[in-house]
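**Student:** sequence-free structure coming up:
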């Protein structure tokens, strides 16, 4: 699951995963500061991880965000903050070291900045299907 940001969804995901006999990997969506977008506030990420850690059938594999569109410098700063948040969460013990291996950030217009900041997953569907992915 690429984008989970509501703590109350975790038990539902865990229940469904348990009924299938699996552990469901998820990414925690972190809000980049835009009110119109979803995601947890960075200050709430540790609480989300704590809630998820109590569920045997849910595993948070990393963080995900979407940068504001239109300015590569702003996007890169957003991605840098997500990487720093991941490092902070692991450093504080909110997540085991290395457990938040995935950083999903960057889309068709800003994937280069995301890669520079450590993205492990980029979402570039429009660029690929329009032929603009270079």
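**Tutor:** On my side now, so go ahead. The structure displayed is predicted, hence computed values, not measured ones.

**Student:** for the longest helix seen in the chain, what is the average pLDDT?
**Tutor:** Counting by DSSP state H, the longest helix found in the chain is helix 72-91. Average pLDDT, helix 72-91: 96.

**Student:** Stretch 116-131 too?
**Tutor:** 77.

**Student:** next one: the longest helix of the chain to chain centre, how far?
**Tutor:** 11 Å (C-alpha atoms, centre = their mean, to the nearest Å).

**Student:** Against which helices or strands is it packed?
**Tutor:** helix 45-53, strand 58-64, strand 102-107, helix 111-116 (3 or more C-beta pairs under 8 Å, 6 or more residues apart in numbering; DSSP states H and E). Using the backbone N, CA and C atoms, a C-beta is placed for each residue, glycine as well.

**Student:** in the longest one, what's buried?
**Tutor:** The reference is to helix 45-53. For helix 45-53, the neighbour count (16 or more other C-beta atoms under 10 Å) marks 45-46, 48-49, 52 as buried.

**Student:** Give me the buried positions along the longest helix of the chain.
**Tutor:** Those would be 74-76, 78-79, 81-83, 85-86, 89-90, for helix 72-91 by 16+ other C-beta under 10 Å.

**Student:** Between those residues, which sits nearest residue 117?
**Tutor:** Set against residue 117, the nearest of these by C-beta to C-beta is residue 79 (3.8 Å).

**Student:** ok, now which ones touch the residue lying closest to the closest one once chain neighbours are set aside?
**Tutor:** In this structure, residue 79 finds its nearest non-sequential neighbour in residue 117, 3.8 Å apart by C-beta to C-beta, 6 or more residues apart in numbering. When contacts are counted by C-beta atoms under 8 Å, 6 or more residues apart in numbering, residue 117 touches 76, 79-80, 82-83, 103, 105.
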